[in-house]
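K.L.:
after the sequence you'll find the predicted model.
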Amino acid sequence: MNRTTRDRDEEGRARNARPRDGLGRPLPHGAEGVARQPEGVVRTPDETVREAQRLLDAGMPFHAHEVFEDAWKSGPEAERDLWQGLAQLAVGLTHAARGNREGGARLLRRGADRLTSAQEGPGQEGPVHEGPGQEGPVHESAYGIDVGGLVAWARELADRTEAIGAEVDAVAEAPRLRRTGA
């Protein structure tokens, strides 16, 4: 019988206490990693977008995904597809940066699809934008998030990730969550 002890959090849930790198990969015990994102933080939508953008710009898309996950768990049901789609884009970029081409491309496309359905949901009326790679007009999301631009970015990066066959640079590929000036 395996009697391996597991790391546990304060509530007794299994939790890996190994340090992590900027892409969320576990490092050996004793190695210096990056600080983890605290879980369960309730932020305003503006705070969520600002913190996620900061993490994306720092090459930490895995951590940005955690911020979006908090938003979908604590936010209104009507916004779930928006936050889940953004989390899928961040984790898709994470996988692409780790060299997992297939998984990264799949998650980027899944996130783009979810964001597209979020735009069609209630409360997503706004200015209509047409852009490269978009199939028809796209409404700008609440909170100044450039949903149309993110959908186009995700689909293009998914195609490129499958084609290049190598890791992508998470900093160089970090998307802009908001339109310039938003």
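P.N.:
Sure thing, it's come through.

K.L.:
and for the spatially closest residue to Ala90 that is not a sequence neighbour, the neighbour number?
P.N.:
With Cβ to Cβ, 6 or more residues apart in numbering as the measure, His65 is the residue that lies nearest to Ala90, at 3.8 Å, once sequence neighbours are left out. For every residue, glycine as well, the C-beta is placed using N, CA and C. Neighbouring residues of His65 were enumerated by other Cβ atoms under 10 Å; the total is 26.

K.L.:
distance of Leu27 from Thr94?
P.N.:
In this view, Leu27 and Thr94 are 16 Å apart by Cβ to Cβ, to the nearest Å.

K.L.:
typo on my end, Gly40
P.N.:
Here Gly40 is placed at a distance of 20 Å from Thr94 (Cβ to Cβ).

K.L.:
cool, Pro26 as well?
P.N.:
13 Å.

K.L.:
what about those two, which has more around it?
P.N.:
Counted by other Cβ under 10 Å, Pro26 and Thr94 do not tie: Thr94 has more neighbours, with 24 against 13.

K.L.:
surely the more buried one and His65 touch.
P.N.:
Yes: with contact defined as Cβ atoms under 8 Å, Thr94 and His65 form a contacting pair (6.6 Å).

K.L.:
hmm, who's touching stretch 26-41?
P.N.:
Contacts to stretch 26-41, defined as Cβ atoms under 8 Å, 6 or more residues apart in numbering, come from residues 16, 18-22, 55, 60, 63, 66-67, 70, 73-74.

K.L.:
between the residues you listed, which is closest to Asp46?
P.N.:
For the contacts of stretch 26-41, the residue nearest Asp46 by Cβ to Cβ is Val67; the value is 12.3 Å.

K.L.:
which SSE is that closest one in?
P.N.:
Under the assignment given by DSSP states H and E, the secondary-structure element containing Val67 is helix 61-74.

K.L.:
quick one: find the helix or strand in the protein with the lowest mean pLDDT.
P.N.:
Confidence across the helices and strands of the chain bottoms out at strand 128-129, with a mean of 40, counting by mean pLDDT, DSSP states H and E.

K.L.:
show me where the chain has helices.
P.N.:
Taking DSSP state H to define them, one finds helices in the chain at 45-57, 61-74, 80-97, 101-119, 147-164.
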